[in-house]
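J.: take this sequence and fold it.
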Amino acid sequence: MLSDLIDLTNSKEFFDNLSISTKSLRMTRSTFEMDFQIFNDLTEQVLFECSLQAHGLAYSAESRMIETGVGYKQINLYDNHPILWNYQTSQYFILHGPVIDLPSLLGELYLVHQQVSGNWINFHSLVFGMSKRLNTAQETGIELPEPLIKSYLTIFQKHNLNFTPKNLRKNDGQYKTLIVGNEAITTTELNLGQPYIIAQRFSAIVTPM
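T.: Model prediction:
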């Protein structure tokens, strides 16, 4: 069961003495499956044969999943995490410029964005169109995940940037994310390149050897 795999990889014994070695990885447009072994770092003895499956796949950092034995090896599952914000409710706002100090606006947005999202939501992708067109004659806007709206609008108001809410986008996909992390390096609240998968359902098989 997946809960067994999570408990195992978050145990003190695992953290101190065990690691993951990927055997194979298979993907389709909607599924992900990885077979791997858990072995003793000192003796190199294989202790468990494991298989991890994801269905209703939305995203996988598959190239980094193969490197799970290097640094990141603790598996956890979340149904409430900043990486999921792009798959949940968001609001589009039309922005009415110009802004007197655009670099200052972008700098303040960047700082609050990192503070709230832990770097799990790509800031530059979010503001790219807005920053290019805000002080031009072109209409511009920004689509914000719901947890970022309050922080962004506060800064817009500080810079006298007017905004009009438009389309509300809801996603009822009920996604979860499985993150392979290491609390000795960082918590999963902060993105430092941990491998992760986003899907609707996860399962695992753990077979002792």
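J.: same question for the longest helix along the chain: list its buried residues.
T.: The single longest helix within the chain, with elements called by DSSP state H, is helix 102-117. When burial is assessed from 16 or more other CB atoms under 10 Å, helix 102-117 yields the following buried residues: 102, 105, 106, 108, 109, 112, 113, 116, 117. Using the backbone N, CA and C atoms, a C-beta is placed for each residue, glycine as well.
J.: next SSE downstream of it?
T.: Counting by DSSP states H and E, the element after helix 102-117 in chain order, helix or strand, is helix 123-133.
J.: in that next one, which residues are buried?
T.: 123, 126, 127, 130, 131.
J.: mind exporting the longest helix of the chain as PDB, just the C-alpha atoms?
T.: Output of helix 102-117 as PDB, limited to C-alpha atoms (Å, rounded to 0.1, in the frame of the first residue of the first chain):
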ATOM      1  CA  LEU A 102       7.100  49.000 -13.000                       C
ATOM      2  CA  PRO A 103      10.400  47.500 -11.700                       C
ATOM      3  CA  SER A 104       9.300  48.200  -8.100                       C
ATOM      4  CA  LEU A 105       5.900  46.600  -8.700                       C
ATOM      5  CA  LEU A 106       7.500  43.500 -10.100                       C
ATOM      6  CA  GLY A 107      10.000  43.300  -7.300                       C
ATOM      7  CA  GLU A 108       7.400  43.400  -4.600                       C
ATOM      8  CA  LEU A 109       5.200  40.900  -6.400                       C
ATOM      9  CA  TYR A 110       8.200  38.500  -6.700                       C
ATOM     10  CA  LEU A 111       9.000  38.700  -3.000                       C
ATOM     11  CA  VAL A 112       5.400  38.100  -1.800                       C
ATOM     12  CA  HIS A 113       5.000  35.400  -4.500                       C
ATOM     13  CA  GLN A 114       8.000  33.500  -3.200                       C
ATOM     14  CA  GLN A 115       6.900  33.900   0.400                       C
ATOM     15  CA  VAL A 116       3.400  32.600  -0.300                       C
ATOM     16  CA  SER A 117       4.100  29.900  -2.800                       C
END
